[in-house]
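# my questions are about this predicted structure, shown below with the sequence.
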Amino acid sequence: MMKDPPQTIGNLIDHQSVSIISSVDNEGFPNTKAMLPPRKREGIKSFWFTTNTSSMRVSQYRTNPKACIYFFDKRFFRGVMLKGTMEVLEDAGAKEMIWREGDTLYYSKGVTDPDYCVLKFTARSGRYYSAFHSESFDIE
């Protein structure tokens, strides 16, 4: 049993350079892709990512908000899967909150670029794997 899940899992997440996110397509199949790490997180419950409004993933989350995110540490062969929902945020406050210098490389019109949006993931539960052992947990 993990001693302190939020700290253990948060530490794992903070040291990864890739996030794996999954959505559900219109046929009910999971769709998974690699993304940059979350721009912001609150504990292990809320995560914010940047993406293109025009992306297939945004369309899928608008239709079905069920989502999963995964982080792994290949060096120590451990990982965490979090299940929950993904919201597509296009309000100025959310966009400004996670905007970083250099983002114009992806969103040429700046923070107000209509093709820039924020994905907010809210976790409900998870599963952690480490040292040949897996355990499930709920997130409140």
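Structure received.
# just checking, what packs against the longest helix seen in the chain?
Longest helix of the chain, by residue count under DSSP state H: helix 5-14. Counting contacts by 3 or more CB pairs under 8 Å, 6 or more residues apart in numbering; DSSP states H and E, helix 5-14 is packed against strand 66-73, strand 78-89, strand 116-130. (C-beta placed from N, C-alpha, C; glycine too.)
# now the helix or strand hosting residue 41: how far from the chain's centre is it?
Assigned by DSSP states H and E, residue 41 belongs to strand 40-42. Centroid displacement of strand 40-42 relative to its chain, using CA atoms, centre = their mean, to the nearest Å, is 10 Å.
# and that strand, which residues are buried?
Neighbour counts over strand 40-42 (16 or more other CB atoms under 10 Å) mark residue 41 as buried.
# paired strands for that strand, with orientation please.
Strand 40-42 has its sheet partners listed here by DSSP bridges as strand 46-52 (antiparallel).
# list the buried ones in the helix or strand just after the strand it pairs with?
Beyond strand 46-52 in the direction of the C-terminus, DSSP H and E gives the next helix or strand as helix 56-63. By neighbour count on 16+ other CB under 10 Å, the buried set for helix 56-63 is 57, 58, 60, 61.
# pLDDT and distance to residue 35 added to those, as a markdown table?
Listed next are the buried residues of helix 56-63 as a markdown table, based on pLDDT from 0 to 100; distance: CB to CB, whole Å:
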| residue | pLDDT | distance to residue 35 |
| --- | --- | --- |
| 57 | 97 | 9 |
| 58 | 98 | 12 |
| 60 | 98 | 14 |
| 61 | 98 | 13 |
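# switch those over to a markdown table; also include distance to residue 105.
Output for the buried residues of helix 56-63, formatted as a markdown table (distance: CB to CB, whole Å):
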| residue | distance to residue 105 |
| --- | --- |
| 57 | 19 |
| 58 | 19 |
| 60 | 25 |
| 61 | 24 |
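# output the helices and strands packed on helix 5-14 as a markdown table; include the columns mean pLDDT and mean neighbour count.
Converted to a markdown table, those look like this (pLDDT from 0 to 100; neighbours: other CB atoms under 10 Å):
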| stretch | mean pLDDT | mean neighbour count |
| --- | --- | --- |
| strand 66-73 | 98 | 19 |
| strand 78-89 | 98 | 19 |
| strand 116-130 | 97 | 19 |
